[in-house]
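1. build me a model from this:
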Amino acid sequence: MDREAPERGARDAGGTTSTGSGEPGAGAPRDDTGSGVGGSKHDARRNRSERRTRRRFARRQWARRWLSLRYVVAALLLLALLATSVHLVFFSTRLQVKRVEVVGNSLLSDGRIREVADVPVGDQLALVDLGRAGARVGSLAEVESVDVTRTWPDAVRISVVERTAVAVVELAGRLRGLDADGVVFRDYETVPRQMPRVRPGANAGTDALREAATVVSALPEDLVTRVDHVEVATVDQITLVLRDKRQVLWGSAEESQLKAQVVDKLLAAQRAPYYDVSVPGNPTYRTTP
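-> Numbers count the residues shown, from 1 in each chain. Presented below is the predicted three-dimensional model:
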């Protein structure tokens, strides 16, 4: 018994020494100090990666929602714009007629044109009947043409071109202006200087006056100033009476431009009391009517 005890003690001591100098056993505690620092960095990187992933996912989700919503938003914006435009154009006081401008007139007063146009001040500018206003002003004898337009935001503009007289004709005891189209449109107290006078015969109607106006408007300026009056018997019996009493049988208004050239040369080339250019290709002159 006594010899076995030291041997067990030696083995116990040897086992203890062997255990202490070898690797720790399965049950021995571990030192996690170094591995804990590395794990914290790894966790931080993983958290950042997860946050980036979540943000990318959220952006993709919003992009998908926007693709489905953008048409709805665009439609709503369009409807809002349309409603605003309708309100402004048809209901807003800012786009109501406040002024009626008249330009181009000298024979007619602004007041007369506004009265005839009858543009309703205070109505919505978009709803003004421009055609009706233009037709009313165009019916005036003094007006050759008219253009009625909207001037945003609150005005209507009436641009008038008035007729220009080329001759004067006495009708029912009144001296009236006659334009190049044969339209009688204004009164004169006396015959204007250098303007010929048209004297219609008993059988001269409206057509004959129109022919006479065409003849006068075809004359060059230097010849017009030499014409005292134009005698109109019928549409094809028109005669110019010059201030020096010489007469030119013109005939009808056909080929008036050519006749004007021929008579100008004929008057300069031959002195005679009577000339005939009714056939401009064969002009003649004579000493008796």
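2. low-confidence ranges in the stretch 1-150 of the chain?
-> Where the stretch 1-150 of the chain drops to pLDDT under 70, the residues are 1-39, 66-68, 85, 87-89, 91.
3. which residue ranges of it form strands?
-> Assigned by DSSP state E, counting those that start in this stretch, the strands in the stretch 1-150 of the chain fall at 99-103, 143-151.
4. out of those, flag the one nearest L76.
-> strand 143-151 (30.6 Å; CB to CB). Just so you know, the C-beta spots here come from the backbone N, C-alpha and C atoms, and that holds for glycine as well.
5. relative to strand 143-151, how tilted is the following helix or strand past the closest one?
-> Later in the chain than strand 143-151, the nearest helix or strand by DSSP states H and E is strand 155-162. On the basis of axes from the mean of the first three to the mean of the last three CA atoms, to 10 degrees, strand 155-162 is oriented at 160 degrees to strand 143-151.
6. so which elements touch strand 155-162?
-> If you count contacts as 3 or more CB pairs under 8 Å, 6 or more residues apart in numbering; DSSP states H and E, strand 155-162 packs onto strand 99-103, helix 110-117, helix 130-138, strand 143-151.
7. and the ones you listed: which comes nearest R246?
-> Across the helices and strands packed on strand 155-162, R246 has its closest neighbour in strand 143-151 (33.4 Å, CB to CB).
8. got the contact list for that closest one?
-> 101, 108, 117, 125-126, 128, 130-131, 133-134, 137-138, 156-164, 179 (CB atoms under 8 Å, 6 or more residues apart in numbering).
9. so it versus strand 99-103, what angle?
-> 140 degrees.
10. so which bits of strand 143-151 are buried?
-> By 16 or more other CB atoms under 10 Å, the buried positions in strand 143-151 come out as 143-144, 146, 148.
11. mind checking how far that strand is from the chain centre?
-> Relative to the chain's own centre, strand 143-151 is displaced by 14 Å; criterion: CA atoms, centre = their mean, to the nearest Å.
12. likewise for stretch 159-170?
-> The chain centre lies 30 Å from the centre of stretch 159-170; the measure is CA atoms, centre = their mean.
13. with stretch 110-128 instead?
-> With CA atoms, centre = their mean, you get 20 Å for stretch 110-128.
14. try stretch 165-185
-> Worked out by CA atoms, centre = their mean, stretch 165-185 lies 37 Å from the chain centre.
15. then stretch 71-88?
-> That offset, for stretch 71-88, works out to 25 Å (CA atoms, centre = their mean).
16. contacts for it, please.
-> Residues from elsewhere that reach stretch 71-88 (CB under 8 Å, 6+ apart): 94-95.
17. got the CA positions of it in PDB?
-> C-alpha atoms of stretch 71-88 as PDB (Å, rounded to 0.1, in the frame of the first residue of the first chain):
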ATOM      1  CA  TYR A  71     -49.900  59.400 -66.000                       C
ATOM      2  CA  VAL A  72     -52.400  60.100 -63.300                       C
ATOM      3  CA  VAL A  73     -50.400  63.200 -62.200                       C
ATOM      4  CA  ALA A  74     -50.100  64.400 -65.800                       C
ATOM      5  CA  ALA A  75     -53.800  64.000 -66.400                       C
ATOM      6  CA  LEU A  76     -54.600  65.900 -63.200                       C
ATOM      7  CA  LEU A  77     -52.200  68.700 -64.200                       C
ATOM      8  CA  LEU A  78     -53.800  68.900 -67.700                       C
ATOM      9  CA  LEU A  79     -57.300  69.100 -66.200                       C
ATOM     10  CA  ALA A  80     -56.200  71.800 -63.800                       C
ATOM     11  CA  LEU A  81     -54.600  73.800 -66.700                       C
ATOM     12  CA  LEU A  82     -57.700  73.400 -68.800                       C
ATOM     13  CA  ALA A  83     -60.000  74.500 -66.000                       C
ATOM     14  CA  THR A  84     -57.800  77.500 -65.300                       C
ATOM     15  CA  SER A  85     -57.800  78.400 -69.000                       C
ATOM     16  CA  VAL A  86     -61.600  78.100 -69.400                       C
ATOM     17  CA  HIS A  87     -62.100  80.300 -66.300                       C
ATOM     18  CA  LEU A  88     -59.700  83.000 -67.600                       C
END
